[in-house]
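1. With the sequence up front, the predicted model follows.
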Amino acid sequence: MATTIPIGPYHPLQEEPEHYLLTVDGEEVLDVDVQIGYNHRGIEKLSEKKTYNQVPFLVERVCGICSHSHPYAYCLAVEDCGDLEVPEKAKYLRTLIGELERIHSHLLWAGLAGHFIGYDTVFMWAWKYREEVLDLLELLTGNRNAYAMMKPGGVQRDIPREHLEEARPILDTLKEKSEMLYNAVLDDPVMKARLEGIGVLDEEDARAFGALGPTSRASGIPNDIRSDFPYGVYEDLDWKVITRDAGDVLARVEVRLLETLESIKMCEQIINRIPDEGSIDSEPKKIPPGDGIGSYEAPRGECFHYIKSDGTNRPVRHKIRAPTFMNFPTYRSTCIGETVADASIILASVDPCYCCTERAISLKEKDDVNLLELSQKRTAEIKEELGLELSPLEEVLDE
Amino acid sequence: MTWTSWGISKSPWLYHVSTGSCNNCDIEIVDCLTPKFDVERFGGKLVGSPRHADVLMATGAMTRKSKPRFERVLEAAAKPYIVAAVGACACSKGIFHDAYNCVGPVRKVTKEVDEEIMVVNIPGCPPRPEAIIEGLVNGLQKLKEVHQ
């Protein structure tokens, strides 16, 4: 007999409100469904009211963990629309912050993964080492989480050379600790017993569902925007795309931890090569009519932004597609047939981020919101703003 | 001082409820529990049910869909408790002040449910873990004074 188990919207394992429905027969998961909408704030609409230089501060608040990815993707879209040049130094600074963010995001996930399987030692370790990256980000940008570095055509502020030099010893300790964490996690028989062969996503399914980022790379697809459509300074750096063929949860852990080491290597190279002289901002004056797209490899996969401009100082349309949106459907392939005990780590293994994903909400009358009422209210607001006396609909029809 | 308020001020149990935040404040709250900041020094502990909680840590600008759920959490929690509004969005809706889907801030919703619920505002985008801990300590001090 099938039973439905609701997980969420408020659940001790989750940071964000999200609602899973697991249909189970005994221990076995028969079906999985996700209900979202708790985090929808209407960012795409808000950004239409803001000028091009104000939007990065808004899209930074799409998601707190990828708070460099969304502004970066947005800036790439604006630069594509206006054919803007970005100075060399700005590219290096952008890439440096982007890679530091990747380290902090992957360590955060590794810790949460330990927490999900009930192994709190890994959780405490990973989050302790993550503090080093946060300290470094605070030193370089002034804030632990929202960096406010991006702006179309460059970066907001320069990082002095002495701060970059101070970053070296921190990166060294971070490298040592990350290697230790990698070895400790991978050699641990408990982790192996819990994660090996669980939630397997084979290459065919990963392609069919359009999986992105570490989820697809753990299934053997070398899918990485940094190497496929390079932005920033990735072409000049010495690094490689990490892939694993197994497709199980252990492979996803391995890919993320190895990417952390790869990112530390990249940061060291960037600090060596960053030019001391040169401008950091090309100061664009006007964005011409047209549209542009920006693709950025966020820690969870490809983050995509679309901008439509009509020549004024605000975007007419701003569309965001976050990586988790594409990774959701893989649950159909990975979760079904597994046990309930493993379901939580499988659901978490794509590193889901709901505040990134929730770009739309469905309104029904039972949610106390009437679409017609909302529309009439908005019309009345516009009337008031413009000071117009529009004739009611009936009179227009009579004429 | 009553036994209840003495007990709460010595070991405040925290329940984290996100009402449509951007994850920033949420990870800073979890950061408070990890070795560097370690709120367990003050007896603080994250619990899984509002019925066990003494402090409700609310983050986010209160979206339409999460408002009824938050009201249910407020009704489920055992009194006396305090609500800590963590982050600029929870305090004043912050950058989302004119968003169509945000009906917050937290204080407005707690007033609708019960006028007497004590709310501590912890501003910042996101507030540093030190600020969250200070806000908690101040809130508990207040609770102790009220329930003398």
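-> On my side now, so go ahead.
2. For residue A:186, grab the count of nearby residues.
-> Taking other CB atoms under 10 Å in any protein chain shown as the criterion, the count of residues near residue A:186 is 14. Every residue, glycine included, has its C-beta placed from N, CA and C.
3. which SSE is it in?
-> Here residue A:186, judged by DSSP states H and E, is contained in helix A:161-187.
4. Remind me what the next helix-or-strand element following that helix packs against, helices and strands.
-> Counting by DSSP H and E, the next helix or strand C-terminal to helix A:161-187 is helix A:189-195. Packed against helix A:189-195 by the contact rule (3 or more CB pairs under 8 Å, 6 or more residues apart in numbering or on different chains; DSSP states H and E) you find helix A:249-273, helix A:340-348.
5. report the angle between the axes of the shortest one and helix A:249-273?
-> Orientation of helix A:340-348 against helix A:249-273 (axes from the mean of the first three to the mean of the last three CA atoms, to 10 degrees) gives an angle of 30 degrees.
6. Identify the residues contacting helix A:340-348?
-> A:5, A:7, A:13, A:20, A:22, A:24, A:27, A:29, A:32, A:112-113, A:116-117, A:194-195, A:198-199, A:249, A:331, A:334-335, A:338 (CB atoms under 8 Å, 6 or more residues apart in numbering or on different chains).
7. switch the cut-off to 7 Å
-> By CB atoms under 7 Å, 6 or more residues apart in numbering or on different chains, the residues outside helix A:340-348 that reach it are A:13, A:20, A:22, A:24, A:27, A:29, A:112-113, A:116-117, A:198-199, A:249, A:331, A:334-335, A:338.
8. that older thread, what's the angle between the helix holding residue A:186 and helix A:249-273?
-> Using the same axes, to 10 degrees: helix A:161-187 against helix A:249-273 is 160 degrees.
9. which of the residues in helix A:161-187 are buried?
-> For helix A:161-187, a neighbour-count test (16 or more other CB atoms under 10 Å in any protein chain shown) marks A:164, A:167, A:171, A:174, A:175, A:177, A:178, A:181, A:182, A:185 as buried.
10. cool, and stretch B:79-95?
-> Neighbour-count burial for stretch B:79-95, counted by 16+ other CB under 10 Å, picks out B:80-95.
11. do stretch A:257-265 as well
-> A:257, A:258, A:259, A:260, A:261, A:262, A:263, A:264, A:265.
12. before we move on, what about stretch A:120-138?
-> For stretch A:120-138, a neighbour-count test (16+ other CB under 10 Å) marks A:122-134, A:136-137 as buried.
13. Return the distance of it from the chain's centre.
-> How far stretch A:120-138 lies from its chain's middle: 19 Å, per CA atoms, centre = their mean, to the nearest Å.
14. what about it and chain B, any contact?
-> Yes - using CB under 7 Å from any CB of the partner chain, a contact is recorded between stretch A:120-138 and chain B, made by A:124, A:127, A:128, A:131.
15. Let's have those in CSV, adding secondary structure and pLDDT.
-> CSV is the format used below for those (DSSP: H, G, I helix; E, B strand; the rest coil; pLDDT from 0 to 100):
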residue, secondary structure, pLDDT
A:124, helix, 91
A:127, helix, 92
A:128, helix, 91
A:131, helix, 91
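16. which residues does residue A:337 contact?
-> With the criterion set at CB under 7 Å, 6+ apart, residue A:337 makes contact with A:28, A:29.
17. low-scoring pLDDT stretches of chain B, where are they?
-> Applying pLDDT under 70 to chain B flags residues B:1.
18. And residue B:78, how far from residue A:154?
-> From residue B:78 over to residue A:154 the distance is 53 Å, taken as CB to CB, to the nearest Å.
19. quick one, which of the two is more surrounded?
-> The neighbour comparison of residue B:78 against residue A:154 (other CB under 10 Å) goes to residue A:154, with 25 against 11.
20. mind checking which helix or strand of chain A has the lowest mean pLDDT?
-> In chain A, the helix or strand scored least confidently by mean pLDDT, DSSP states H and E is helix A:393-398, which has a mean of 52.
21. Identify the residues contacting residue 73.
-> Unless you meant another one, I'm taking chain A. A:294, A:295, A:296, A:303, A:304, A:305.
22. meant chain B, my bad for not saying
-> A:10, B:17, B:50, B:56.
23. ditto for residue A:287
-> With contact taken as CB under 7 Å, 6+ apart, residue A:287 is in contact with A:52, A:78, A:81, A:82, A:309.
24. Mind putting those into a markdown table with pLDDT?
-> A markdown table is the format used below for the contacts of residue A:287 (pLDDT from 0 to 100):
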| residue | pLDDT |
| --- | --- |
| A:52 | 93 |
| A:78 | 94 |
| A:81 | 93 |
| A:82 | 92 |
| A:309 | 93 |
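25. which residue ranges form the strands in chain B?
-> B:13-18, B:45-46, B:55-59, B:82-86, B:118-122 (DSSP state E).
26. okay, these in JSON lines with distance to chain A next?
-> Output for those, formatted as JSON lines (distance: least, CB to the nearest CB, whole Å):
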{"stretch": "strand B:13-18", "distance to chain A": "5"}
{"stretch": "strand B:45-46", "distance to chain A": "7"}
{"stretch": "strand B:55-59", "distance to chain A": "9"}
{"stretch": "strand B:82-86", "distance to chain A": "12"}
{"stretch": "strand B:118-122", "distance to chain A": "15"}
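27. would CSV of the ones you listed with distance to residue B:139 be doable?
-> Shown next, in CSV, are these (distance: least, CB to CB, whole Å):
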stretch, distance to residue B:139
strand B:13-18, 11
strand B:45-46, 16
strand B:55-59, 7
strand B:82-86, 5
strand B:118-122, 4
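28. What helices and strands are in contact with the lengthiest helix in chain B?
-> The longest helix of chain B (DSSP state H) is helix B:129-146. Packing partners of helix B:129-146 (3 or more CB pairs under 7 Å, 6 or more residues apart in numbering or on different chains; DSSP states H and E): helix B:3-10, helix B:24-33, strand B:82-86, strand B:118-122.
29. Can you name the residues in contact with it?
-> B:1, B:5, B:8-9, B:12, B:28-29, B:31-32, B:37, B:39, B:44, B:55, B:80, B:82, B:84, B:86, B:118, B:120, B:122, B:124.
30. I appreciate the help and will end here.
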